[in-house]
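[1] Sequence and predicted model, in that order:
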Amino acid sequence: MNLQQLRYLNEIVRCELNISEAANALYTSQPGVSKQIKLLEEELGVDIFVRNGKRIVTLTEPGKEVLAIAQRVLLETNNLKQVGQEFKQQDSGALTIATTHTQARYALPPVVKAFTQAYPGVKLGLHQGSPTQIAEQVLSGEVDIGIATESLALYDDLVTLPCYEWHHCVVVPPKHPLLDEKKLTLKKLAQYPIITYDFAFTGRNKINQAFSEAGLEPNIALTAIDADVIKTYVELGLGVGIVAQMAFIPDRDRHLRMIDAGHLFQPSTTRVAIRQNQYLRGFGYHFIELFAPQLTREVIAEALHLSK
């Protein structure tokens, strides 16, 4: 048994049981991967996968246990490497963040600028995806830190900490009738086609919840995964937009007008997520603190300690 076999096993599962895709990701051959998995099964005395001919169908029950242990071993192996790097090269290395478009576009730019100035020797990577994809990337070790609004707190193997609360706003073209309302209501808003986020993104559940509790059925004309697309279609007159308030920038969005909707929808909370038992390097702690100053290294370390 060796670490290479455990990496092969983990990659096969990550690639949804596609050995060819796993082999490509590992820069090796499919026969080589298959051989190593068979050797691992022979050594353990159990089948890790259920097979249909040469095709892998699913994990066996013992295979699920083997995978869980393998992933812990790989995580701790990576932690050992990180410890060495932390003391040998404190200001160099790599940090990868997974986040949504809204965070990457509107919340993170000043943080990224400050971080790259403080750590020019650290290679910073940003992955964009849905909250579910972000959680899975953090859990798999593909990224170091996840930042999103929805669903991160639903994963037991993640340590999540609240960063800040934010509200939605409504965006409309100039001279739109809603601008004449003294105080916008859900009933008035429901009279127009609505363009807003896809269900998995940026507080969409808070929007649905508000209309549902008011007994209203919104006319969702179009959904998108980022605010820039939503604002573009609002400019074209296809509907009124509901976006995160941070996504409206008056100097840039001159062809639109913003209406406060903080009284219509419950606030949403952006959270940061780290894997349980993860060794986070010093510059990782600093990145989080730049994003959410209340999340000091001591606060994060305590949360990680309590999760063990």
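    Arrived safely, thanks for sending.
[2] Every contact and neighbour count from this point should use C-alpha atoms.
    Will do.
[3] mind checking how far the residue nearest the centre of the chain is from residue 200?
    Nearest to the mean C-alpha position of the chain, counting by C-alpha atoms, centre = their mean, stands residue 134 at 2.6 Å. Residue 134 sits 11 Å away from residue 200, going by C-alpha to C-alpha, to the nearest Å.
[4] what about the stretch 201-308 of the chain, any weak spots by pLDDT?
    Residue ranges of the stretch 201-308 of the chain with pLDDT under 70: 202, 306-308.
[5] so where do the strands sit in it?
    In the stretch 201-308 of the chain, strands defined by DSSP state E, counting those that start in this stretch lie at 220-224, 240-244, 257-260, 268-275, listed in chain order.
[6] Name the residues of the first one that are buried.
    When neighbours are counted by 16 or more other C-alpha atoms under 10 Å, the buried residues of strand 220-224 are found to be 220, 222-223.
[7] I'd like these as a markdown table, with distance to residue 192 appended.
    Listed next are these as a markdown table, based on distance: C-alpha to C-alpha, whole Å:
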| residue | distance to residue 192 |
| --- | --- |
| 220 | 9 |
| 222 | 12 |
| 223 | 14 |
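[8] And those, which is closest to residue 46?
    Of all the buried residues of strand 220-224, residue 46 sits closest to residue 223, with 47.3 Å by C-alpha to C-alpha.
[9] Any idea what the closest one is bridged to?
    Counting by DSSP bridges, residue 223 is bridged to residue 196.
[10] ok, it touching residue 198?
    Yes - counting by C-alpha atoms under 8 Å, residue 223 touches residue 198, with 5.0 Å between them.
[11] Can you tell me the SS state at residue 51?
    Put simply, residue 51 is strand when judged by DSSP: H, G, I helix; E, B strand; the rest coil.
[12] neighbours around it, how many?
    Residues lying near residue 51 (other C-alpha atoms under 10 Å) number 13.
[13] Can you name the residues bridging to it?
    Assessed by DSSP bridges, residue 51 has beta-bridge partners residue 56.
[14] measure it to residue 22 for me?
    For residue 51, the distance to residue 22 equals 17 Å [C-alpha to C-alpha].
[15] Quick one: the helices in the chain, in order.
    Taking DSSP state H as the test, the helices found in the chain are 3-14, 19-25, 30-44, 61-88, 101-102, 109-118, 131-140, 186-189, 204-213, 227-235, 282-291, 297-306.
[16] mind checking how far residue 44 is from residue 71?
    For residue 44 relative to residue 71 (C-alpha to C-alpha), the value is 16 Å.
[17] Enumerate every residue touching residue 251.
    Residues counted as contacts of residue 251 (C-alpha atoms under 8 Å, 6 or more residues apart in numbering): none.
[18] who's in contact with the nearest residue to residue 275 once chain neighbours are set aside?
    Nearest non-adjacent residue to residue 275, counting by C-alpha to C-alpha, 6 or more residues apart in numbering: residue 158, 4.7 Å away. Residues in contact with residue 158 (C-alpha under 8 Å, 6+ apart) are 135, 139, 152, 273-276.
[19] now do residue 264
    Residues near residue 264 by C-alpha under 8 Å, 6+ apart: 185-186, 210.
[20] I'd like these laid out as JSON lines, including neighbour count and distance to residue 59.
    Below are the contacts of residue 264 laid out as JSON lines (neighbours: other C-alpha atoms under 10 Å; distance: C-alpha to C-alpha, whole Å):
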{"residue": "185", "neighbour count": "13", "distance to residue 59": "51"}
{"residue": "186", "neighbour count": "18", "distance to residue 59": "48"}
{"residue": "210", "neighbour count": "15", "distance to residue 59": "41"}
